[in-house]
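pasting the sequence and the predicted coordinates here, then a few questions.
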Amino acid sequence: MLLRALEPTHGLDPMRARRGGVTDRDLCSGPGKLTQALGIIGADDGASILEAPFALEPPRCPVDVLETRRVGITKAAELPWRYVVRGSCWLSRGPRSAQP
């Protein structure tokens, strides 16, 4: 699983310090921003997000998930392997049509 963005809800002060004064909207809205905000470093490569120090929790209420085409790549970009919460403003890029 590759997480490219998330809505920051916990630990905002350390995230803001790591990201250097950007808006909350820009804290975790892309893979580089996300890893910087969470303090993830090269030594964490391959670590499970299901084990400490990470804590991935299920949503507290149902979410409307939209399947879209992948972005920022050229190989297999037409594959609908990108899943986003419909209407989320926390994405690095808006949803793309799942149809080629």
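Thanks, I have the structure now. Note that the structure is a prediction, hence the values are computed from the model and not measured.

what are the phi and psi values for Tyr83?
Backbone torsions of Tyr83, given as degrees, to the nearest 10, read phi -120, psi 130.

flag every buried residue along stretch 66-75.
For stretch 66-75, burial by neighbour count (16 or more other C-beta atoms under 10 Å) applies to Thr68, Arg69, Arg70. In short, each C-beta sits where N, CA and C put it, glycine included.

ditto for stretch 74-89
Arg82, Val84, Val85, Ser88.

among the residues you listed, which are in strands?
Arg82, Val84, Val85 (DSSP state E).

want to throw those residues into JSON lines with distance to Ala76 and pLDDT?
Below are those laid out as JSON lines (distance: C-beta to C-beta, whole Å; pLDDT from 0 to 100):
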{"residue": "Arg82", "distance to Ala76": "11", "pLDDT": "78"}
{"residue": "Val84", "distance to Ala76": "18", "pLDDT": "82"}
{"residue": "Val85", "distance to Ala76": "23", "pLDDT": "85"}
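
closest to Leu56 among those residues?
Among those, Val85 lies closest to Leu56 (C-beta to C-beta), at 14.9 Å.

from what I see, Glu78 and Arg69 are in contact.
Yes. With contact defined as C-beta atoms under 8 Å, Glu78 counts as touching Arg69 (6.1 Å).

show me the shaky parts of the chain.
Along the chain, the model assigns pLDDT under 70 to residues 1, 92-100.

the helices in it, which residues?
12-19, 31-38 (DSSP state H).

which of those helices is buried the deepest?
Ranked by mean neighbour count, the helices of the chain are led by helix 31-38 with a mean of 18 (mean count of other C-beta atoms under 10 Å).

any idea of the angle that helix forms with helix 12-19?
120 degrees (axes from the mean of the first three to the mean of the last three C-alpha atoms, to 10 degrees).

could the buried residues of stretch 74-89 go into TSV alongside distance to Val63?
TSV is the format used below for those (distance: C-beta to C-beta, whole Å):
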residue	distance to Val63
Arg82	15
Val84	10
Val85	5
Ser88	9
